[in-house]
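>>> Turn this into a model:
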Amino acid sequence: MRALIHHCLAVLLMLLGSGRAAAESKPVLLYSLHFQAPGENRYPADGAYRAVLDRLRESFEVRVSAERPSAKLLTGVDVVLLANPNDQAHGTNPPPPHLKLRDVRTLGQFVEGGGGLIVLGNQEAHNLELTDLNVLLRRFGLELTNRFHDAKLITIPHETPVIGGLRWAYYTGNEILLTPRHPAQPTAVITNDVTQATTTGKRNEPGILLATSRPVDGRVVLVTDAGWITKNALQELGIGGLILQGQDNWELFRRLCHWSAKREPAKINE
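Residues are numbered from 1 along each chain as shown. This is a model prediction of the structure:
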C-alpha cells in the first residue's frame, strides 16, 4: 500500500510539473532574415533590432534565421517576423532572394494552419521589394503600395482593439490597401488621421498605415514602416535626424506580437 501511495504521489508531482512547464512555456517568434540583401544590414538582429528582440525575449522564445522558410524551419514557431524584404543587391553583394511561389505557399499554409505573420514595410529608397511580397500579402487580402505618408506622432484612438490609447512614432511608410470582401477579413487598424500634423513633409492624405487579417486559423499584421522598432526609435534618438518623442512603440509592438501569437497581452499602459 505504501508503495502504491508513493507511486501515486510521484505521478501527481510529475503531472503538476508538466502542467506548470506547459503554462510557463513561451510562444516562439522567428525573425526571418532570408529575404534581406547581404550587406543591406538595416535591421540586423545584433544591431538596430537587438534591443527590441532582447525585450521580446521576456515573453517569447526568439529565434533568428537566414534560412529559407520551410515546413521544417517553421515547426514549433508561433509567429514569423519579416522586416523590409529587399529588392536589389547591396553594393557588390549577391542579390537578395525574392519571395517565390513556394515561399508564398509555405508561409500561407503556416498562417492558415494557425500561425502568426508580422510584415513590416519601409520608407522609400530603402530597397523594399513589393511585387513578389504582394503576391503573399494578397493571399491575406492585403497589399503594400508605393504611395507614402510622412512622419508623425500618431495618437491611436482608445476604442481601437488591442493597441488603443497608445502613441505611435511613425517614421514614414507605404500605404496599405485592403481587398474588399476577402475571406481573410482584412481590417484597417490605424488610418492616417489628417488632423494630426506631420513632423516633416506635406504628405498627409487619408490612408491605411497598419492593418490585420485573420485567414482561416491564423493572424497577420502588416505595418507600413520597419524603423519604428529600432533601438534609436525606441530610445527617442531619432531616425535620419528626425526625433519623435512621447511614443509607446515598444508597447505597441509587444501587443501586436502577442495578438499574432494568440496570447492576448495585458495592457500595461492603462
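
>>> make it CA atoms for all contacts and neighbour counts henceforth
OK.

>>> What are the buried residues along stretch 225-244?
Applying a neighbour-count criterion of 16 or more other CA atoms under 10 Å, one finds 225-236, 238, 243-244 buried in stretch 225-244.

>>> In this structure, what helix or strand scores lowest on average pLDDT?
Confidence across the helices and strands of the chain bottoms out at helix 2-24, with a mean of 48, counting by mean pLDDT, DSSP states H and E.

>>> ok, back up a step: now intersect the buried residues of stretch 225-244 with the helices, please.
Per DSSP state H, helices hold the following members of the buried residues of stretch 225-244: 231-234.

>>> any idea which element F140 lies in?
Element membership of F140 [criterion: DSSP states H and E] is none; it lies in no helix or strand.

>>> contacts for the helix or strand following the least confident helix or strand of the chain?
Towards the C-terminus, the helix or strand next in line after helix 2-24, according to DSSP H and E, is strand 28-32. Applying CA atoms under 8 Å, 6 or more residues apart in numbering, the contact partners of strand 28-32 are 60-67, 69, 76-82.

>>> are any of these buried, and which?
Using 16+ other CA under 10 Å, the buried ones in the contacts of strand 28-32 are 60-62, 64, 69, 77-82.

>>> Spatially nearest residue to A211 (excluding sequence neighbours)?
Distances taken as CA to CA, 6 or more residues apart in numbering place A188 nearest to A211, at 4.5 Å, with adjacent residues excluded.

>>> and if you look at K202?
Setting aside the residues directly before and after it, K202 is nearest to D150 in space (CA to CA, 6+ apart), at 6.9 Å.

>>> distance of the one you found from I190?
Counting by CA to CA, to the nearest Å, the gap from D150 to I190 is 15 Å.

>>> And V77, by the same measure?
V77 sits 27 Å away from I190, taking CA to CA as the criterion.

>>> wait, what's in contact with E205?
The contact partners of E205, taken as CA under 8 Å, 6+ apart, are 149, 192, 194.

>>> what's the spacing between Y31 and T187?
When distances are taken as CA to CA, Y31 and T187 turn out to be 24 Å apart.

>>> which residues touch the closest residue to R214 other than its chain neighbours?
With CA to CA, 6+ apart as the criterion, R214 has its nearest non-adjacent residue at 5.0 Å, and that residue is A184. Residues touching A184, when contacts are defined by CA under 8 Å, 6+ apart, comprise 140-141, 213-216.

>>> Can you flag the buried ones in these?
Neighbour-count burial (16+ other CA under 10 Å) is assigned, among the contacts of A184, to 140-141, 213-215.

>>> So what's the residue count around T75?
By the measure other CA atoms under 10 Å, the count of residues near T75 is 10.

>>> Alright, I will stop here.
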